[in-house]
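Undergrad: Fold the following.
(one chain, ligands or ions: 1)
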Amino acid sequence: MNSRGPLGRGARLLIALAGIAALLFVLSACDLGGVHPIFPDPVSANGKNIYDTYVGISLMAIVVFVGVEAALLWVVIRYRRSAQPVGYVPPQVHGHTGLEIAWTIAPLVIVLAIAAYSFAELQKDFQPISNPQMTVIISGHQFGWDYQYENGVVVHQEGSLAAPVVPFVVPTHTLVKLQFRATDVIHSWWVPAVSGKTDAVPGYDNFSWLKIDQTGQWRGECAELCGAGHASMQIIVQAMDQPEFDAWMAKQKPAPSPSASPSPSK
Ligand SMILES: [Cu+2]
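TA: Numbering: from 1, shown residues only. Sure thing, here's the model as predicted:
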């Protein structure tokens, strides 16, 4: 009997297909630029830690999901009404102290384990390391990023997906301490392959670090809605071998503009 509302089976199938097509279109559009929608290939130990944490938690979640679904299916099939005598009432476990304690303790242990595991991992990624080979102060503003190197060189980075983005350049095989600031509102520096989202907060310094052992470019973006130009806070991190980096840095030198910081707004 076809009594499932006014839409016929064909119409429902068409709507479902249109939905899938729209989803595929949206997903493919994500790949036209900007951050990759699925998983990055981590290139810094930070990104690797976060990736591993994600996979570790997902494995736990999958075990729980499969266990719960299997138990559910088993009960549904084993105790289905048609397989029971007429008037059958299943065993009543309401108020069973042992069960109540078990299904309170078990999720608590799992959630606490995930919390401790995540905290231990993420703790490593967002701290002011004490042995950097280089320090860069990353300052967010409406709308762009400034990268200040130890020698005073400042790289200004802004650009949308349509416009070219000036890369933030680091040397390979170098432990770089990142110090985050903001001059107006809160921004969030996020390059998935390199590090997790790190908030850039006015009046307060946050820290992370990176160490990239291969040359290349990786994209990121501001991950904190910060105003009308939020979308133009695209990020590119570029790693160069030391000689190329030195040559690049030498070209930056001739711009010792009078004020290194663009807005000493106080
Ligand atoms: Cu921003």
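Undergrad: buried stuff in the helix or strand residue 219 falls within?
TA: For residue 219, the element it lies in under DSSP states H and E is strand 216-222. Neighbour-count burial for strand 216-222, counted by 16 or more other CB atoms under 10 Å, picks out 218-222. To be clear about C-beta, it is placed using only N, CA and C from the backbone, and glycine gets the same treatment.
Undergrad: Up against the ion, what does this structure have?
TA: Counting by CB under 5 Å from the ion, the residues of the chain lying close to the ion are 187, 222, 226, 233.
Undergrad: how does it look with 8 Å?
TA: Neighbours of the ion within the chain, by CB under 8 Å from the ion: 140, 142-143, 185-188, 200, 222, 224-227, 229-230, 233.
Undergrad: What pLDDT is listed against residue 5?
TA: Listed pLDDT for residue 5 reads 56.
Undergrad: let me fix that: residue 186
TA: 95.
Undergrad: cool, and residue 142?
TA: Reading off the model, residue 142 has pLDDT 91.
Undergrad: any idea how far it lies from residue 222?
TA: Plainly put, residue 142 is 10 Å away from residue 222 if you go by CB to CB, to the nearest Å.
Undergrad: likewise residue 159?
TA: Distance, residue 159 to residue 222, using CB to CB: 12 Å.
Undergrad: for residue 231, same thing?
TA: The gap separating residue 231 from residue 222 is 8 Å, by CB to CB.
Undergrad: circling back to that earlier point, which helices and strands sit right next to the strand holding residue 219?
TA: Here strand 216-222 touches strand 187-190, strand 234-240, going by 3 or more CB pairs under 8 Å, 6 or more residues apart in numbering; DSSP states H and E.
Undergrad: Which strands border that strand, and is each parallel or antiparallel?
TA: Taking DSSP bridges as the criterion, strand 216-222 forms sheet pairs with strand 187-190 (antiparallel), strand 234-240 (antiparallel).
Undergrad: All set, thanks.
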